[in-house]
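Novice: when you get a sec, could you give me coordinates for this:
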Amino acid sequence: MSLVLLLILSQEPGFESQQDTVRIDSLDVVQYSAKKIIYDLEKSIIILHDSSFISYQDINLLSDSAYYHIETNQLEAFGTCHLKQMDDSIRGNYLRYNIETKKALMTNGKTQIDKGFLEGKELYWIDEHTVNAYSGKYTTCSDSPPHYYFYSPKMKVYLGDMVIAQPIFLYIQGIPVFAAPFWFVPISSQRKSGLLPFRLGNSRDLGKYIRGFAYYFVISDYADITLQVDAMEKKGIMPQIEGVWNFTPFTKGNIYGSYIKETDRKRERFNIQARNNSEYFLFGSSFNCDIKYLSDNTYQQDYAETTALWLKKEITSQATISRTIAGFKNSVIYERKETFADSTITEKFPNYTLITPSKTLFSLISYSFSGHINRNRSITPQEKDEVTGANLNTAPTMQQNIFNLFTISPRVNLDLAVFDEDTAGNKMPLRFGYSFGTTASTNFFRIFNINLLGIHGILHKILPKISYSYTPDFDFGIFPQVNGIPQFSKANNLSFGFDQVFEAKIGEKNEKQILAQIGINSGYNLITDSLSPISFSMELPYNPFPKPIIKLTSQLRGSINPYDKEYTYKIINTSALETTFFSLNLNQSYTKDGVYQIWFNGKIKPTHNWSISYSARYDWENRKLVDYSLGLNRDLHCWEAIFTFNQLGESWCYDFKILIKEIPDVAIGKGLLGYFVE
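Specialist: Numbers count the residues shown, from 1 in each chain. Okay, the predicted model is just below:
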């Protein structure tokens, strides 16, 4: 302070200047400038008139005029004031700022917080993370006046976290539309622990409700947990918990659970789900799982908040632990499938698989061994059935080019299996089975020098092949069916195929494109002395048209009985159009028996702010839409209005809401409107 006094004494009383500095200590300097500077020695005040500027450390203050109180280290600014500190900024018509404590008061102030704007009659900058606002308004709308804002007599703003108000009023176009005794609005663009905005509403099935009342807890940069409670007038209390973690490559996944004891039907319902992916698990293994346990198949649908979750006929769960030791891959698998229609549960555990590394014998034959130990269990309301089996399997193959004309690939499948019991009640029955097959293939090609319609040459490839497979009649009917253990059904077949591919170089860049693919396949059963149906296919994947046609493909698939000449076929056409205001994806399917269906989806953008999305499937035979959905979207600058309607069979649902773009949790929807209407 002695340095400051020396500086002041060196000036004449009432001395005027345009630029100067004051040293607070040996390191900190206050720089200031104005068109007119007056030093008042008696009051220890430096007065800045007209275009004043004060700078101290990371603080910059611009105003019409300002007072610098040297003894109290306080700044006062008048007129149009603009205080900047790092990335923060406040504008207003009067400022009082303490240089030492860095606390500030701005009247009629306005500041930007992340993607939103805060203004109030009085803004108190408590510390670098907290701002108190009195008669405050918060909005994410950049227009003046804003399309909407939250008003509260008292707001506390935690920068980078949330705004807490008590009470709060939502104004739209200057009209109050919603009020609450308190509310909190998230404003953080980063992960932060804290309360999440909840939703009020009313529905026919749930009654009046509060949903999404949750606390979000950030455990670390790689994990978080959400605790949530839903309170529903007609159903009761539903606690929920969800955890998410990402420690890639060691572990990545999530776990979710919810439970409710319904007050209206007096039944307990739950939903448990867990997923995990670990490339590095215990002792060098990998672990993957997708587990689902639901009390019933309508649980998710009953408590969905927007689009209904259509009924699922079954749920499946699986978990796999794998580890490779000395090239041998070991896997333990758990699988569970629950079918709700007949209350059947099937499980596979333990399900152990061993695969050896591939080896080459005499530089010709490639082989490896695999083994399985499986226990399958089936549970129905009437009975429980269990079967267990193990096997050791190898399938040596060889690929040999003959005179550079064709390739022959013989293979043998050898399998030794043992079961806990066969259908006759014999314990530990042993069986050995084998099969044989070979394939011979070649290819011919020719290049056509064609330059037409952007095509620069066509490559025509012909790919014929013939295969033979043989399996003796082992009569393994007394052995149970166990997953992973082959059955070895009797076979003695020839099959042959004839494929053609037309490939071209297109455009200035000579990009390779497939113009057409044609295939014909059939076979001959030596046991029954009969030909197999002749299957045929043709695919045209190339789109020769320019925009707006961006896709045009056709497929033809079918078969012909060589004896009675009966045939079937199915034609599938896919096309797509895309412009700046319209898009359409159209899929058509037609079969020989007259089943013609059309799938289509797309979007229409009639104006800059309106968009319409749609999708549907049309059954030509019944002349009706089987399922369809429609969505309307209206851009309201800082708001967005969304309407959706979905129908599948007799089930349908709709949703309507208007939400703030930057704060999507704040929305007015049909549930909230119903809360006040009903």
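Novice: what comes up buried for the particular helix or strand that has residue 354 in it?
Specialist: Under the criterion of DSSP states H and E, residue 354 resides in strand 344-355. Buried positions in strand 344-355, judged by neighbour count with 16 or more other CB atoms under 10 Å: 346, 347, 348, 351, 352, 353, 355. C-beta: built from backbone N, CA, C; applies to glycine.
Novice: could you report the neighbour count for residue 498?
Specialist: With neighbours defined by other CB atoms under 10 Å, the count for residue 498 comes to 15.
Novice: that one contacts residue 520, correct?
Specialist: Yes: taking contacts as CB atoms under 8 Å, residue 498 lies within contact range of residue 520: 4.8 Å.
Novice: follow-up on the earlier one: next structured bit after the strand holding residue 354?
Specialist: Tracing the chain past strand 344-355, the next element assigned as helix or strand by DSSP H and E is strand 359-361.
Novice: how far is stretch 148-168 from where the chain is centred?
Specialist: Relative to the chain's own centre, stretch 148-168 is displaced by 31 Å; criterion: CA atoms, centre = their mean, to the nearest Å.
Novice: what about that stretch, start to end distance?
Specialist: The first and final residues of stretch 148-168 sit 13 Å from each other (CA to CA, to the nearest Å).
Novice: can you point out the buried residues in it?
Specialist: Within stretch 148-168, the residues that qualify as buried by neighbour count (16+ other CB under 10 Å) are 148-152, 155-159, 161-165, 168.
Novice: same question for stretch 571-579.
Specialist: Judged by neighbour count using 16+ other CB under 10 Å, the buried positions of stretch 571-579 are 571, 573, 574, 575, 576, 577.
Novice: could you dump these to TSV with pLDDT, distance to residue 233 and secondary structure?
Specialist: Conversion of the buried residues of stretch 571-579 to TSV gives the following (pLDDT from 0 to 100; distance: CB to CB, whole Å; DSSP: H, G, I helix; E, B strand; the rest coil):
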residue	pLDDT	distance to residue 233	secondary structure
571	95	54	strand
573	95	51	strand
574	95	49	strand
575	95	50	strand
576	95	47	strand
577	94	49	strand
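Novice: just the helices in this structure please.
Specialist: Defined through DSSP state H, the helices belonging to the chain, from first to last, are 2-9, 299-302, 670-677.
Novice: mind telling me which of those the model trusts least?
Specialist: Averaging pLDDT over each of the helices of the chain singles out helix 2-9 as the lowest, with a mean of 32.
Novice: hang on, the earlier thing: among the buried residues of stretch 148-168, which are located in strands?
Specialist: In strands, defined here by DSSP state E, the members of the buried residues of stretch 148-168 are 148-152, 155-158, 162-165, 168.
Novice: residue ranges with poor pLDDT in the stretch 201-350 of the chain?
Specialist: Regions of the stretch 201-350 of the chain meeting the criterion pLDDT under 70 cover residues 305-312.
Novice: try 90
Specialist: For the stretch 201-350 of the chain, residues meeting the criterion pLDDT under 90 lie at 201-223, 246-250, 265-266, 279-284, 293-315, 338-343, 349-350.
Novice: quick one: the strands in it?
Specialist: In the stretch 201-350 of the chain, the segments counted as strands under DSSP state E, counting those that start in this stretch are 207-220, 223-232, 236-247, 251-261, 268-278, 286-294, 314-325, 328-339, 344-355.
Novice: now for those strands, which one comes closest to residue 455?
Specialist: For those, proximity to residue 455 was assessed by CB to CB; strand 268-278 is nearest, at 45.8 Å.
Novice: could you list the buried residues of the closest one?
Specialist: Neighbour counts over strand 268-278 (16+ other CB under 10 Å) mark 269, 271, 273, 274, 276, 277, 278 as buried.
Novice: what's it packed up against?
Specialist: strand 251-261, strand 286-294, helix 299-302 (3 or more CB pairs under 8 Å, 6 or more residues apart in numbering; DSSP states H and E).
Novice: tabulate those (a markdown table), appending mean neighbour count and distance to residue 479.
Specialist: What follows is the helices and strands packed on strand 268-278, written out as a markdown table (neighbours: other CB atoms under 10 Å; distance: least, CB to CB, whole Å):
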| stretch | mean neighbour count | distance to residue 479 |
| --- | --- | --- |
| strand 251-261 | 17 | 39 |
| strand 286-294 | 17 | 31 |
| helix 299-302 | 16 | 40 |
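Novice: for residue 427, name its beta-bridge partners.
Specialist: Going by DSSP bridges, residue 427 is paired in beta bridges with residue 421.
Novice: go on, residue 139?
Specialist: residue 117.
Novice: near it, how many other residues are there?
Specialist: Around residue 139 there are 22 other residues, counting by other CB under 10 Å.
Novice: picking that back up, and the strand holding residue 354, which strands flank it?
Specialist: Each strand pairing with strand 344-355, determined using DSSP bridges, is listed with its direction: strand 328-339 (antiparallel), strand 369-379 (antiparallel).
Novice: dump the ones you listed into TSV; add distance to residue 132 as well.
Specialist: Supplementary listing: the strands paired with strand 344-355 in TSV, determined by distance: least, CB to CB, whole Å:
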stretch	distance to residue 132
strand 328-339	55
strand 369-379	63
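Novice: please name the nearest non-neighbouring residue to residue 231.
Specialist: Taking CB to CB, 6 or more residues apart in numbering, and ignoring the residues beside it in sequence, residue 231 has residue 210 as its nearest neighbour in space, at 4.8 Å.
Novice: report the separation between that neighbour and residue 265.
Specialist: In this structure, residue 210 lies at 21 Å from residue 265, with CB to CB, to the nearest Å as the measure.
Novice: cool, and residue 285?
Specialist: Using CB to CB, one obtains 44 Å as the distance from residue 285 to residue 265.
Novice: of those two, give the one with the bigger neighbour count.
Specialist: The neighbour comparison of residue 285 against residue 265 (other CB under 10 Å) goes to residue 285, with 18 against 10.
Novice: got the contact list for the nearest residue to residue 93 once chain neighbours are set aside?
Specialist: Nearest residue to residue 93, sequence neighbours excluded (CB to CB, 6+ apart): residue 108, at 5.0 Å. Residue 108 makes contact with 92, 93, 94, 119, 121, according to CB atoms under 8 Å, 6 or more residues apart in numbering.
Novice: let me have those in CSV, extended by pLDDT.
Specialist: Conversion of the contacts of residue 108 to CSV gives the following (pLDDT from 0 to 100):
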residue, pLDDT
92, 90
93, 90
94, 91
119, 87
121, 91
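Novice: how about low-confidence regions in the stretch 451-600 of the chain?
Specialist: For the stretch 451-600 of the chain, applying pLDDT under 90 flags the ranges 451-456, 475, 477, 483-484, 506-511, 544-547, 580-581, 592-597.
Novice: please, where are all the strands along it?
Specialist: Taking DSSP E, counting those that start in this stretch as the criterion, the stretch 451-600 of the chain contains strands spanning 455-471, 491-506, 511-525, 530-531, 534-540, 549-560, 567-578, 582-591, 596-604.
Novice: redo the ones you listed as JSON lines? Include distance to residue 199.
Specialist: As requested, the strands of the stretch 451-600 of the chain are arranged in JSON lines below (distance: least, CB to CB, whole Å):
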{"stretch": "strand 455-471", "distance to residue 199": "59"}
{"stretch": "strand 491-506", "distance to residue 199": "53"}
{"stretch": "strand 511-525", "distance to residue 199": "51"}
{"stretch": "strand 530-531", "distance to residue 199": "65"}
{"stretch": "strand 534-540", "distance to residue 199": "49"}
{"stretch": "strand 549-560", "distance to residue 199": "40"}
{"stretch": "strand 567-578", "distance to residue 199": "36"}
{"stretch": "strand 582-591", "distance to residue 199": "33"}
{"stretch": "strand 596-604", "distance to residue 199": "28"}
